[in-house]
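In: Sequence and computational prediction follow.
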Amino acid sequence: MGGHPVTPELDVAVVGAGIAGLTAAHELRRAGLSVRVYERLPHVGGRMRSLRHEGWTVDTGAEQVASRGYRATWELLRRLGVTAADVPRVGGGVAVWRGGRARPGVGEGRAVLTGAGLSARARLDLVAFSAWAGRRRAGFDGDHPDRTPLGAATVREATDRYHRDLHDYLFQPVAGCFFGWDTTRSAAAPLVSLLLEAGSPTGWHTYREGMDFLARRLADGTEVVTGRAVREVIDEGGHAVLRFEDGEVRARAAVLAVPAPVAAALRPDVAADERPFLTACTFTPMMKVSCLLDRPLAPPARRPVHILLTPAAEEEVLSGIVVDHAKDPGRAPAGHGLITLVAGPRRVPELLDADPGEAADLLVDAAERYVPGIGAARRHHFTHTFRHGLPEATPTALAERARFLDRPARAVEYAGDWLMLRPASEGAVRSGALAASRVLSGLGRPRPAGPDRLEETVATA
């Protein structure tokens, strides 16, 4: 065949404008590469998107960032010039519903004394489990969830030796509300590693201007093309090809910063050493309904609460309630309220295809038990659905992760919290930095000099 080789039009194309993709783009731009980000939706942020409506700021996905265990995130914020005022502590604590009332103190050190929904026997078992994990804390490295003392045990299996309350009123509601996990399928190691690193909810923060604050900062100065869906990504050895319905773009490298099932669908030529982990990284779907209220309601509790966990042992429709105006008063206009209802994992699959209005009414009706008057106070609502909500972190994914990370650098790389098996924005930031590091290694470009390289905070396994 004749002709001249095609010269790529840019250094790196990033698919996905969530935190992982935008972090990768940020790092690559710092290295002096030309980068363009493609996003199929009309906005940036992914699962950290926020929307604004008549004075309300509605977080559609992620809710907070911890002061502990989020080292890469805080380093990135420091580099972007973000001040403490931009990332305030959340107001209120976390409670669990049991016996007809909210029990505050979940995740706090004093839970062994106050109960936080646990029986006296279960509190003793919590002390025993905490002591066991504390003695082995060095083994619970969030960057290596496949190497912890818990091995491949599921959450259900890891808690079977303890009083059933430890599962039913602590691990299950936490896993169900925050991650949408089924505890009989999801591995305990990533969950316990994350909880140990993040620490007490009293040290959690939020972004003052909405959870999309970081995404918007990262997108500033970056070439981002929204509303542009990539149909296929091909690794042609020396470069990558992105195909759209109306054409294609060639880049020296590409980063797929999308959920693993989406990445697998975009890669008809995926390498044999990539496919097992990509297919093992299943995701749980999630649904949330944000209710804009004419007054600031909240679940009755002894102390202010910003999250109420509703265990599967007590409630089927909901897995939790987020009091957004307690989390940060700026989320709602003065004198008004904002509450987000999180659907229970077992109900989400059927609700995804239901009429959005009917699904919202179902969740609001269920919430009357916990927030009396929420139906009458609701002025408006938004329904948020994520078919690929959060990585499920199954034992199979744990087993395949090391081989995936050991693969050689290629023209097509990946980013996302699923790659770290850390279902949190910190996992997305770390994976974006790791992807950028692998791209730079493959392209042979030097990394930026200086002590503040984000890559240095990322374990490369």
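Out: Nice, I can see it.
In: can you map out the strands along the stretch 351-461 of the chain?
Out: Secondary structure of the stretch 351-461 of the chain by DSSP state E, counting those that start in this stretch: the strands cover 378-391, 412-414.
In: Comparing the ones you listed, which comes out most buried?
Out: Sort the strands of the stretch 351-461 of the chain by mean neighbour count, taking mean count of other Cβ atoms under 10 Å, and strand 412-414 sits at the top with a mean of 28. Every residue, glycine included, has its C-beta placed from N, CA and C.
In: What lies in contact with that strand?
Out: Contacts with strand 412-414, where a contact means Cβ atoms under 8 Å, 6 or more residues apart in numbering, come from 233-235, 240, 253-257, 260, 263, 267, 274, 431, 435, 438-439, 442.
In: Which parts of this protein belong to which domain?
Out: Listed by automatic domain parsing, the domain ranges of the chain are 10-40+227-281+394-457, 51-208+283-391.
In: Turn those domains into a markdown table, columns for distance to residue 218 and mean pLDDT.
Out: Listed next are the domains of the chain as a markdown table, based on distance: least, Cβ to Cβ, whole Å; pLDDT from 0 to 100:
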| stretch | distance to residue 218 | mean pLDDT |
| --- | --- | --- |
| domain 10-40+227-281+394-457 | 4 | 92 |
| domain 51-208+283-391 | 7 | 95 |
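In: Rebuild the ones you listed as TSV, extending it with distance to residue 214.
Out: Formatted as TSV, these follow (distance: least, Cβ to Cβ, whole Å):
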stretch	distance to residue 214
domain 10-40+227-281+394-457	6
domain 51-208+283-391	7
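In: Looking at the ones you listed, which is nearest to residue 217?
Out: Smallest distance to residue 217 across the domains of the chain (Cβ to Cβ): 5.1 Å, for domain 51-208+283-391.
In: Any idea how far apart the tips of that closest one sit?
Out: One end of domain 51-208+283-391 to the other measures 24 Å (Cα to Cα, to the nearest Å).
In: Please apply the same query to stretch 365-384.
Out: For stretch 365-384, the end-to-end distance is 17 Å (Cα to Cα).
In: Make 11 the starting number, not 1.
Out: In the new count, where the first residue is 11, that last one comes out as stretch 375-394.
In: Now do that stretch: everything it contacts.
Out: Contact with stretch 375-394 is made by 61, 63, 68, 70-71, 107, 112, 297-305, 307-310, 318, 320, 325, 327-328, 331, 347, 349, 351, 366, 369-370, 374, as judged by Cβ under 8 Å, 6+ apart.
In: In strands only, show me those residues.
Out: Judged by DSSP state E, these include 61, 63, 68, 107, 112, 297-303, 318, 328, 331, 347, 349, 351 as members of strands.
In: show me what contacts residue 216?
Out: 73, 74, 75, 97, 98, 100, 337, 338.
In: How many neighbouring residues does the fifth one have?
Out: Right, the one you point to is residue 98. When neighbours are defined as other Cβ atoms under 10 Å, residue 98 has 15 of them.
In: quick one: it and residue 402, what's the gap?
Out: Per Cβ to Cβ, to the nearest Å, residue 98 is found 32 Å from residue 402.
In: and if you look at the first one?
Out: Computed as Cβ to Cβ, the residue 73 to residue 402 distance reads 19 Å.
In: before we move on, what about the second one?
Out: Using Cβ to Cβ, residue 74 is found at 21 Å from residue 402.
In: Can you pull the phi/psi pair for residue 278?
Out: phi -70, psi -20 (degrees, to the nearest 10).
In: right, and it touches residue 241 too?
Out: No - using Cβ atoms under 8 Å as the test, residue 278 is too far from residue 241 to be in contact (10.4 Å).
In: Look at the two and report which has more neighbours.
Out: Shown here are residue 278 and residue 241; by other Cβ under 10 Å, residue 241 has more neighbours (13 against 9).
In: Identify the residue nearest that one in space, chain neighbours excluded?
Out: Once flanking residues are discounted, residue 241 sits nearest to residue 253: 5.2 Å by Cβ to Cβ, 6 or more residues apart in numbering.
In: Kindly report the same for residue 190.
Out: Distances taken as Cβ to Cβ, 6+ apart place residue 294 nearest to residue 190, at 3.8 Å, with adjacent residues excluded.
In: hmm, who's touching whatever helix or strand residue 22 lives in?
Out: Using DSSP states H and E, residue 22 sits within strand 20-25. Outside strand 20-25, the residues that touch it by Cβ under 8 Å, 6+ apart are 31-32, 34-35, 38, 43-48, 240, 243, 250, 252, 259, 261-268, 276, 449, 453.
In: Let's see that with 6 Å instead.
Out: Strand 20-25 is contacted by residues 31, 34-35, 38, 43-48, 240, 252, 259, 261-268, 449 when judged by Cβ atoms under 6 Å, 6 or more residues apart in numbering.
In: I'd like the distance from whichever helix or strand comes after that strand to the chain centre, please.
Out: Sequence-wise, the next helix or strand downstream of strand 20-25 (DSSP H and E) is helix 29-40. Computed by Cα atoms, centre = their mean, to the nearest Å, the separation of helix 29-40 from the middle of its chain amounts to 17 Å.
In: Does anything pack onto the helix or strand following helix 29-40? Which helices or strands?
Out: The first helix or strand that comes after helix 29-40 along the chain, using DSSP H and E, is strand 45-49. Helices and strands touching strand 45-49, by 3 or more Cβ pairs under 6 Å, 6 or more residues apart in numbering; DSSP states H and E, are strand 20-25, helix 29-40, strand 233-236.
In: Just send these back as JSON lines, with distance to residue 205 and mean neighbour count too.
Out: Listed next are the helices and strands packed on strand 45-49 as JSON lines, based on distance: least, Cβ to Cβ, whole Å; neighbours: other Cβ atoms under 10 Å:
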{"stretch": "strand 20-25", "distance to residue 205": "31", "mean neighbour count": "25"}
{"stretch": "helix 29-40", "distance to residue 205": "21", "mean neighbour count": "28"}
{"stretch": "strand 233-236", "distance to residue 205": "34", "mean neighbour count": "16"}
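In: Any idea which of the ones you listed gets closest to residue 147?
Out: Closest of those to residue 147 is helix 29-40, at 26.9 Å (criterion: Cβ to Cβ).
In: so the closest one versus strand 20-25, what angle?
Out: Helix 29-40 and strand 20-25 meet at an angle of 170 degrees, taking axes from the mean of the first three to the mean of the last three Cα atoms, to 10 degrees as the criterion.
In: what's next to helix 29-40, contact-wise?
Out: For helix 29-40, contacts defined as Cβ under 6 Å, 6+ apart pick out 22, 24, 45, 47, 58, 225, 228-229, 232, 265, 267, 425-426, 435, 438-439, 441-443, 445-446, 458.
In: could you dump it to PDB, C-alpha only?
Out: The C-alpha coordinates for helix 29-40 follow below in PDB (Å, rounded to 0.1, in the frame of the first residue of the first chain):
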ATOM      1  CA  ILE A  29     -12.600  14.100  37.500                       C
ATOM      2  CA  ALA A  30     -10.400  11.300  36.200                       C
ATOM      3  CA  GLY A  31     -10.300  12.600  32.700                       C
ATOM      4  CA  LEU A  32      -9.800  16.200  33.700                       C
ATOM      5  CA  THR A  33      -7.000  15.300  36.100                       C
ATOM      6  CA  ALA A  34      -5.200  13.300  33.400                       C
ATOM      7  CA  ALA A  35      -5.600  16.300  31.000                       C
ATOM      8  CA  HIS A  36      -4.300  18.700  33.600                       C
ATOM      9  CA  GLU A  37      -1.200  16.600  34.300                       C
ATOM     10  CA  LEU A  38      -0.500  16.100  30.600                       C
ATOM     11  CA  ARG A  39      -0.900  19.800  29.900                       C
ATOM     12  CA  ARG A  40       1.600  20.600  32.700                       C
END
